[in-house]
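Engineer: model the structure of this input:
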Amino acid sequence: MLYVFPDGLTAKVAQEYRRPYADPVKGKAGDLLVPDYSRETDLFGWTWCRNDAGQEGWAPGNWLAPHGDKLRLIRDFDAIELTVTAGEIVMLHYAESGFCWVTTTAGETGWVPDAVLVLPAS
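Structural biologist: As a prediction, this is how the structure comes out:
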């Protein structure tokens with residue numbers, strides 16, 4: 001379920017997290033993705049998908065609607081994850097199914113697992 005954080009809320013990175021994929025799936029609302037239900041994850045609510053450009057990655061099921069044998073994005077989405085280090089402060093934007101969309105102090109924006117964050121930053 002999408003949760004939008006209040007403006008200006010930050011979190012502290014409690015442990016390092018490394019980006020697993022360099023160029024993952026992304027798309028605009030209305031784009032069709034091809035799901036691969038054989039890919040397993042321990043994170044509830046995510047489906048492995050491929051776009052027309054051949055990019056693959058995990059997409060939140062809450063942002064996907066069935067469309068024949070494909071899935072249609074109901075909002076813009078980018079699966080890019082960030083590499084963050086312990087002690088770093090990030091600006092929180094929203095959370096979905098165990099991940100937070102954040103911006104680092106260096107200006108990078110992407111997903112990090114909520115399990116590596118401490119709220120609020122101290």
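Engineer: quick one, helices of this protein?
Structural biologist: Counting by DSSP state H, the chain forms no helices at all.
Engineer: domains of it?
Structural biologist: 3-19+81-118, 26-78 (automatic domain parsing).
Engineer: switch those domains over to JSON lines; also include mean neighbour count and mean pLDDT.
Structural biologist: (C-beta placed from N, C-alpha, C; glycine too.) JSON lines is the format used below for the domains of the chain (neighbours: other Cβ atoms under 10 Å; pLDDT from 0 to 100):
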{"stretch": "domain 3-19+81-118", "mean neighbour count": "16", "mean pLDDT": "97"}
{"stretch": "domain 26-78", "mean neighbour count": "15", "mean pLDDT": "96"}
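Engineer: please, where are all the strands along this protein?
Structural biologist: Under the criterion DSSP state E, the chain contains strands at 3-4, 10-13, 26-27, 32-35, 46-50, 56-60, 64-67, 70-73, 77-78, 89-96, 99-104, 109-113, 117-118.
Engineer: possible to save these as a markdown table with distance to residue 20?
Structural biologist: Output for the strands of the chain, formatted as a markdown table (distance: least, Cβ to Cβ, whole Å):
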| stretch | distance to residue 20 |
| --- | --- |
| strand 3-4 | 23 |
| strand 10-13 | 16 |
| strand 26-27 | 15 |
| strand 32-35 | 19 |
| strand 46-50 | 12 |
| strand 56-60 | 9 |
| strand 64-67 | 20 |
| strand 70-73 | 21 |
| strand 77-78 | 14 |
| strand 89-96 | 17 |
| strand 99-104 | 12 |
| strand 109-113 | 10 |
| strand 117-118 | 17 |
